[in-house]
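K.L.:
Everything below, folded, please.
(chains A, B and C, ligands or ions: 6)
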Amino acid sequence: MTEVAPTQSPAPAGEITLEAGAGGFGNVENEATVLGIRQQTQFGDVRRRFFRHKLAVVGLVMVGLVFLAAIASPVIATRPPKAQDLTNTLQEPSSAHWFGTDELGRDQFSRVIYGSRIAVTVGLASIILALVIGVTLGAVSGYLGRGWDAVIMRTADVFFAFPLIIGAIVVILVMGRGVTPVVISLGIFSWATIARLLRSSILSIREAEYVEAARSLGAGKWRIVTRHVLPNSMAPVLVYAMVSVATAIVAEAALSYLGAGVQPDVPDWGNMISAGQKFFGFKDYLWFFPSMAVVFTVLGFIFVGDGLRDALDPRLR
Amino acid sequence: MTEPLLSVEDLRVHFHTDAGVVKAVDGVSWSVAPGETLGIVGESGSGKSVSALAVMGLVPVPPARYESGRILFKGRDLIAADEKERRAIRGKEISMIFQDPLTALNPVFRVGHQIAEVIQAHEKIGRIPARAKAVELLGEVGIPNPRQRAREYPHQFSGGMRQRAMIAMALALDPLVLLADEPTTALDVTVQAQIMDLLIRLQADRGTAIVLITHDLGLVAGHADRVLVMYAGKVAELGTIDDVYYRPRHPYTLGLLNSLARMDQRRTDRLRPIIGQPPSLIRVPPGCAFHPRCPFATDVCRRDVPALEPKDGPDHLAACHHADQVELQQSPAAS
Amino acid sequence: MTALVEVENLVKHYPIRSGIVFKHDVGAVKAVDGISFELAAGETFAIVGESGCGKSTTARCVLRLIEPTSGTVRFDGEDITAAGTARLRELRREMQMIFQDPFASLNPRMTVRGILREPFRIHGLEEDGKVEDLLEMVGLLPEHASRYPHEFSGGQRQRVGIARAIALNPKLIVCDEPVSALDVSIRAQVLNLLEDLQKQLGLTYLFIAHDLSVVRHIANRVAVMYLGTMVETAATDDLFERPSHPYTQALISAVPVPDPNRERSRRRILVSGDVPSPVNPPSGCRFRTRCPKFANELSEAERQRCVDEPPALVDRGEGHPTACHYSEARTLV
Ligand SMILES: Nc1ncnc2c1ncn2[C@@H]1O[C@H](COP(=O)(O)OP(=O)(O)OP(=O)(O)O)[C@@H](O)[C@H]1O
Ligand SMILES: Nc1ncnc2c1ncn2[C@@H]1O[C@H](COP(=O)(O)OP(=O)(O)OP(=O)(O)O)[C@@H](O)[C@H]1O
Ligand code: SF4
Ligand code: SF4
Ligand SMILES: [Mg+2]
Ligand SMILES: [Mg+2]
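P.N.:
Numbering: from 1, shown residues only, chains lettered A, B, ... in the order given. Ligands and ions are numbered 1, 2, ... in the order given. Below you'll find the predicted structure:
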C-alpha cells in the first residue's frame, strides 16, 4: 500500500451502520479498511503488485534489453552480421571483436545482437498464434461443452502427445525452412496446453457462486463469459503463455541447432551454437555467447511470468 | 477441584510473518483435571486451535515462536522436555481429534491399519493383536461391522464414521487427556449428538480429561464442566459453566450470550449483537483488546491491559476493569 | 395475505451418467422428490434439514437457476417453470438470492462498485448514486465501493452480497444459509440487518438453514426436509413446541442450547446411523432406517406400514401437517 491516508473512517450513523463497525480495527485481510481510501483501477493494482515483485522487475529489465537489441540491432551491432572477413577468422574475444569471430571472420557480437530478432519474433509470434487457437478452442470447449468439448479435447490430446520438436520438424519438412514455418509449427504444437488450461479453469469458474449470482441477476451468456468467466480463468493462461515464450525460444534455437530452423546463413542463436560446437574444447567462446543469450532471454521471460502470476492474483496485495 | 493433569501457564505463541507479528496466543493459562471437560470458546481466529496445537507440539516453528509459558503434564514441562520424552507423552498420554478427520486419516491406508500403526508406535505389541485391538476400538466407537470396516479406506466412510474412526485412533492408547478441536463442526446435528454422546460415555468409562474447543456455546453448556472464553489471543473469562453463563463478568461473554438466537424459547426481541468485528491479531488494540467493541469501555480500558483476576470466587476469573458493572446486567441465559 | 410463491410437487433428479463414449443414465440423485409449499407475501419461510437433504436444490429451482425435473413454481400467479428466456430475465428483477459463502459469491476481480453496478447494467437501469445508497442501507461506507472483496471481513462481504440482492428492489429473496459461515457476534448483526431490510422494503424471504436456533428466531413458518421430502411444516413456535414427526423431534433434541441447567434436564432422542443415499432412498417412509419410533415403539404390523406406504404430509390431529403414519406431538424444549 503506497497511499496510506491516516484518516479514521467517519463515525457511522444510525443503528444498522453502527453494527457494521466499519470503523475500528479490522481483520488481517482487512488492514486496508483502516488505512484509508483507495482509488485505483484494476490495471493499476496489477501493475503495483507486479512491480513489488523484485525478480519480476529484473525479468522485465532483461526482456527489455533483448527487445532493445532486436529493435536497435543495426545501431548496437558493430558490424553487419553477415560481413565476412577472411583475414580475421577465429579470433578470440578482444576489444575489436567483443565475442570474437567465427571461421568466416564474422563478428560474433553483431551476430548475437541480430540473433535476438529471430528469437523475439519467433517466440512472440508462435505464442500469439498458440493463444489465438488455444483460447478460442478452450473457451468453446469449456463453455459450450458437449460434442464440441469431446472433439476439441481429443484433438488437443493428439497434439499434446506429439513432442514439440519432433512435431515441428515434421511440419518444417513439409513447408521448408524459414521463420514462418518455424512460427507456425511451434504455434500449432503449443495451443493444446493453453486450450486445456483455459477449459479446466472455465469449468471450475462456471460453477462458482458469483457466476450463479450473476445468472440470478439476469445476466446473459455473453456478459457472464466476458465479465466473470474469462477474467477469472485467463490468469493461468497468460502466465503460461509468458513462460511459453521462453520455451518457444529454446525450441527455435534447438530446431536451428538441429538444422531444421531458419536458413543456416541467418544470424540466429541456434545456428551459432550449432556452428560453434565444431570447435568445442578450444574455441568455446563460439558457442558460449549465443548460449548465454538464450539463457538470458529465457530467464527474463520466466521471471516476468512469475511476477505476472502474483500480479494477476487479487488476493495478494 | 482435583489436582490438574494438564496445565498451561502464561503461554505465548506468536507467528512472525511478513505482515507482522501475529499474537495468536498471548498469555493464556488453563488447566484440566482427570474426568473433567474444559470448554474453550471464542470467535474464529481467537487462538483456540493454536493453544491446543501448542500442547501437542504441532505448531510450526518457525514461523511460530514460544515467547513464554509452560505446558505442564503431570508436573513435567513439555516445552522444556527433550524430544524423546515429548514424543512419549504426545500421542500416547495426550491425543487430539480435529475438525476435519480427512486431514488426520491417511487416504491411502486402510482405517484398521492406521489405528493398528498408532498402537504399535507406542506399545510393544505384535501386528495381529494390534489389528484385533483396532477392530475392537472401531466397535467401541459405534461403527457397525467393525471387522469389515477396518479393511476399508477413509473415503469409504461417511463424515460421522470418519470422526468416529479418528476418535478410535485417538483413544487407541488410552490417553489421559483428549484435545478435541471442533470435533463436530463439520457434522450434522443429529450426528453431532451421536459423537458427543460417544465422547461422554468414553470419558465416564476411562476418566479422560477432555478439552473441547468449539465456537458453539450450546455445545459447551451441554458438555463441559468449566469454560474458557478467549478473545484476541487472551483469556477473557474462565469459570464453571454456571458461573460464566448465568453470572458473566466479562462484557465479551455477555455480548456473546446476548447475540445468540435461542431455539428453546419464543422470540422476544431483536438480537443484541456486539458491534464491530474482532481485531487483527497483528494490530491488537492497546489496553483491553475488546475496548473498541465494548459498551462499558472507559479511558482506563484504552490504556491498561486488564489482568485476569478472581471475581466472585477463586475459580471464576475475568479480565476486565469494570467486571462489577457487568454483573448488573442480566445474562440472557438466566431466564 | 396472498401467496407470492406457490410450489407444487417440485421434483429435481440429477441424472448419474456413465460410459466413456456413449453416455447413458445409470440412476439419479433424487435431490428433491415432490415437495409443495407456499410463501405468503412479507413472510419469512424457513426450510431446515441436514446436509444433502435438498434445501439448496429447492432454492435454486424456485429461482429457476436450475431446471426442475417436474412440478411447477408460480410466482405472483405466473408459472415460471414455463417462462421463456426473455420473460425469465424480467422476472429476475423480482427475485434474488443471498449465498452461503461470502468468499465464493463475489467475483474476486471486481470492485464492490463493479459488483453493485452489475444489476443495473444488466437491466439497463439508471445507476447514479445507487451504489452509495445500497452500501449505506447495508451498513457499509461509500468509500468501500472501490475495494475488492478480499479486503473485507466475512461479515462485511455478506453485506455486499445482501446489497447486490436488494439492488433491483425484488419482492422475494432466497437466503441460502446466509449466516452459517459467520461468527456468532457477526451473525447477529447480519440477522438484524436482514430483518430491518425486510421491514423497510417489504421483502419475502425463503430462508434456508440448518441452524434451528437461527430459524426459530427469524422465521414465521418452518418446513423440515429429510432426504428430498418434506416431513413436517408448521408455524415456527408450533413446530418447536409441538414437534410431531420423529425426525423433527430428533433434530430439535439434538441442538444444544446455551443454558447449562436446561441442558442438564433435557432428554436427547438419539437417531442411529447416517442419512441414506438419495440415489436409492428407503421404500415407504424415508426416515425409517433411522427412526427411533420405528425401532423402539412400533409393533411388527405397524412397522410394515412404514416400509410399504410413503406417509403423506397431512395434519393428523397435531394442528399442522406431518409425514409420519404415527405422528404424535411431544414437548422437547
Ligand atoms: N501457521 C500460521 N502462520 C501465521 N499465522 C497463523 C498460523 N496459524 C494460525 N495463525 C493465526 O493465529 C491466529 C489464531 O488461530 P487459531 O487457528 O488458533 O484460531 P481459532 O480460534 O482456532 O479459530 P477458528 O475458530 O477459525 O478455528 C489466527 O489469527 C491465525 O491467522
Ligand atoms: N449438480 C449436482 N449434480 C448431482 N448431484 C447434486 C448436484 N447438486 C446437488 N446434488 C445432490 O443433491 C442432494 C441435495 O443437495 P443440496 O445441495 O440441495 O443439499 P442441501 O440440503 O443444500 O445440503 P447442504 O446443507 O449441504 O447445503 C445431495 O445429495 C447432493 O449431493
Ligand atoms: S476492560 Fe474495559 S473495555 Fe475491556 S472488557 Fe472490561 S470494560 Fe470492556
Ligand atoms: S412413518 Fe414410521 S418410520 Fe416414518 S417417521 Fe413415522 S414412525 Fe418413523
Ligand atoms: Mg480452530
Ligand atoms: Mg445447501
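
K.L.:
now the helices for the stretch 151-300 of chain C?
P.N.:
For the stretch 151-300 of chain C, the helices defined by DSSP state H, counting those that start in this stretch occupy C:154-166, C:184-201, C:212-218, C:236-241, C:246-254, C:260-265, C:292-296, C:300-308.

K.L.:
Take the ones you listed and lay them out in a markdown table including distance to B:Arg151.
P.N.:
Just so you know, the C-beta spots here come from the backbone N, C-alpha and C atoms, and that holds for glycine as well. Output for those, formatted as a markdown table (distance: least, CB to CB, whole Å):
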| stretch | distance to B:Arg151 |
| --- | --- |
| helix C:154-166 | 41 |
| helix C:184-201 | 42 |
| helix C:212-218 | 38 |
| helix C:236-241 | 43 |
| helix C:246-254 | 31 |
| helix C:260-265 | 39 |
| helix C:292-296 | 28 |
| helix C:300-308 | 31 |
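
K.L.:
Take those and lay them out in a markdown table including mean neighbour count.
P.N.:
Putting those into a markdown table (neighbours: other CB atoms under 10 Å in any protein chain shown) gives the following:
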| stretch | mean neighbour count |
| --- | --- |
| helix C:154-166 | 26 |
| helix C:184-201 | 21 |
| helix C:212-218 | 24 |
| helix C:236-241 | 19 |
| helix C:246-254 | 25 |
| helix C:260-265 | 16 |
| helix C:292-296 | 16 |
| helix C:300-308 | 13 |
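
K.L.:
which one of those lies closest to B:Ile143?
P.N.:
Closest approach to B:Ile143 among the helices of the stretch 151-300 of chain C (CB to CB): helix C:292-296, 18.3 Å.

K.L.:
Centre of the chain to that closest one, how far?
P.N.:
Helix C:292-296 has its C-alpha centroid displaced from the chain centroid by 28 Å (CA atoms, centre = their mean, to the nearest Å).

K.L.:
try stretch A:291-299
P.N.:
14 Å.

K.L.:
quick one: contacts of it?
P.N.:
Here stretch A:291-299 makes contact (CB atoms under 8 Å, 6 or more residues apart in numbering or on different chains) with A:59, A:62-63, A:66, A:112, A:115-116, A:119, A:123, A:246, A:249-250, A:253, A:269, A:273.

K.L.:
pLDDT (mean, whole number) over it?
P.N.:
Stretch A:291-299 carries an average pLDDT of 90.

K.L.:
Kindly export it (C-alpha atoms) in PDB.
P.N.:
Included here for stretch A:291-299 are C-alpha records, laid out as PDB according to Å, rounded to 0.1, in the frame of the first residue of the first chain:
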ATOM      1  CA  SER A 291      24.100 -19.900 -25.400                       C
ATOM      2  CA  MET A 292      24.200 -17.200 -22.800                       C
ATOM      3  CA  ALA A 293      21.900 -15.100 -24.900                       C
ATOM      4  CA  VAL A 294      19.400 -17.900 -24.900                       C
ATOM      5  CA  VAL A 295      19.700 -18.400 -21.200                       C
ATOM      6  CA  PHE A 296      19.400 -14.700 -20.500                       C
ATOM      7  CA  THR A 297      16.300 -14.300 -22.600                       C
ATOM      8  CA  VAL A 298      14.600 -17.400 -21.300                       C
ATOM      9  CA  LEU A 299      15.200 -16.400 -17.700                       C
END
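
K.L.:
quick one: what helix or strand has residue 115 in it?
P.N.:
I went with chain A, as the question did not name one. Using DSSP states H and E, A:Gly115 sits within helix A:108-139.

K.L.:
The intended chain is chain C.
P.N.:
Element membership for C:Ile115 (DSSP H and E) is helix C:112-122.

K.L.:
Okay, now the unreliable bits of the stretch 201-317 of chain A?
P.N.:
A:314-317 (pLDDT under 70).

K.L.:
How many residues are close by the closest residue to chain C within it?
P.N.:
Nearest residue of the stretch 201-317 of chain A to chain C: A:Gly218, at 3.4 Å (CB to the nearest CB). Neighbours of A:Gly218 under the rule other CB atoms under 10 Å in any protein chain shown: 20.

K.L.:
on that earlier part again, what is the nearest of the contacts of stretch A:291-299 to ligand 1?
P.N.:
Using CB to the nearest ligand atom, A:Gly59 is the member of the contacts of stretch A:291-299 that lies nearest ligand 1, at 28.9 Å.

K.L.:
Spit out the contact partners of the residue lying closest to the closest one once chain neighbours are set aside.
P.N.:
Nearest residue to A:Gly59 in three dimensions, chain neighbours excluded: A:Phe303, at 2.5 Å (CB to CB, 6 or more residues apart in numbering or on different chains). A:Phe303 sits next to A:Leu55, A:Ala56, A:Val58, A:Gly59, A:Leu60, A:Met62 when contact means CB under 8 Å, 6+ apart.
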